[in-house]
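**Q** Generate coordinates for the sequence data below:
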Amino acid sequence: MTDLEHHSPSTSVGDYVKAVWEVAGTGAASTKDVAARLSVSPASVSNMFVRLQEMGFVEYERYRGASLTGRGRGEALRLVRRHRLIETFLLEHLGYSWREVHEEAERLEHVVSDEFTERLEEFLGHPEQDPHGDPIPAEDGTFEPDESFPLSEAAAGQRVRISKVSDDDASMLDHLGEHGLVLGRLLNVREVRELDGVVTVADEDGGSHALGGPLARAVFVRAAAR
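**A** Modelled structure (predicted):
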């Protein structure tokens, strides 16, 4: 066996594999998108894509980007599962807020074992989603399809329920939390402005909220019956 077969991939390799999955899923992730995701230079991404291809994690074509192989997808989902379980534990049992759990889980996901991950899932009662509403993959990497869509794509007059929020921006999470726009919240869409992307909604208590384009794209919802 090679060293690669004996040991888990390094932290940097894991971060890149997971970034490719987060950016493109089963498609091809561009150098530019992964660079933005990881806050690194495009040149660094190109070099890592070559390395990941040599390791069997991606298929890479210059100017087209990188797509995960079966092995790469398995590694990405292993880390995603670990990350989301850790987030859930931090929120439910250690008093972290939903804005804090992402960065902490980013650090911890590389230092705990697979055995710890499975014990953590059992301790938590096999949760199906993390604190931000993202599905937690099962041990075999499968998860229920996500039928949510960005609030920016809702129609005026539609009734929706918040099912997921993007965890990329902590200040955005703070804003949503302060206004009660949290998971499970019912909203009535009053207006969707094409000019600037502002979406105005009314919550269950009758309060009105105007969400700018970036914020409306960061809140994911599902249609709710009236």
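
**Q** lowest-confidence helix or strand of the protein?
**A** None of the helices or strands of the chain scores lower by mean pLDDT, DSSP states H and E than helix 3-6, at a mean of 38.

**Q** Next secondary structure after it?
**A** Scanning forward in sequence from helix 3-6, with DSSP states H and E defining helices and strands, the next element found is helix 11-24.

**Q** For residue 176, which residues are in contact?
**A** Contact partners of residue 176, counting by C-beta atoms under 8 Å, 6 or more residues apart in numbering, are 165, 182, 215, 219. Where you see a C-beta, it was placed from the backbone N, CA and C, and this is true even at glycine.

**Q** Now the last one: closest residue in space that isn't a chain neighbour?
**A** What sits nearest to residue 219 in space, not counting adjacent residues and going by C-beta to C-beta, 6 or more residues apart in numbering, is residue 151, at 4.4 Å.

**Q** Any regions of the protein where pLDDT drops low?
**A** Scanning the chain for pLDDT under 70 picks out the ranges 1-8, 226.

**Q** okay, now the domains of it?
**A** Domain ranges of the chain: 3-68, 149-223, per automatic domain parsing.

**Q** The last one spans what distance, first to last residue?
**A** With C-alpha to C-alpha, to the nearest Å as the measure, domain 149-223 spans 9 Å from end to end.

**Q** Check stretch 183-195 too.
**A** Stretch 183-195 has an end-to-end distance of 28 Å (criterion: C-alpha to C-alpha).

**Q** Same question for stretch 142-150.
**A** Calculated as C-alpha to C-alpha, the first-to-last residue distance of stretch 142-150 is 23 Å.

**Q** And stretch 196-204, by the same measure?
**A** Across stretch 196-204, the terminal residues are separated by 25 Å (C-alpha to C-alpha).

**Q** what do you get for stretch 118-130?
**A** Stretch 118-130 end-to-end distance (C-alpha to C-alpha) = 15 Å.

**Q** And for that stretch, what's in contact with it?
**A** Judged by C-beta under 8 Å, 6+ apart, the contacts made with stretch 118-130 from elsewhere in the structure are 83-89, 92, 112, 135-136, 139, 144, 164.

**Q** Same question for stretch 150-165.
**A** By C-beta under 8 Å, 6+ apart, the list of residues contacting stretch 150-165 reads 129, 132-134, 146, 148, 172-173, 176, 181-192, 197, 199, 201, 211, 213, 216-226.
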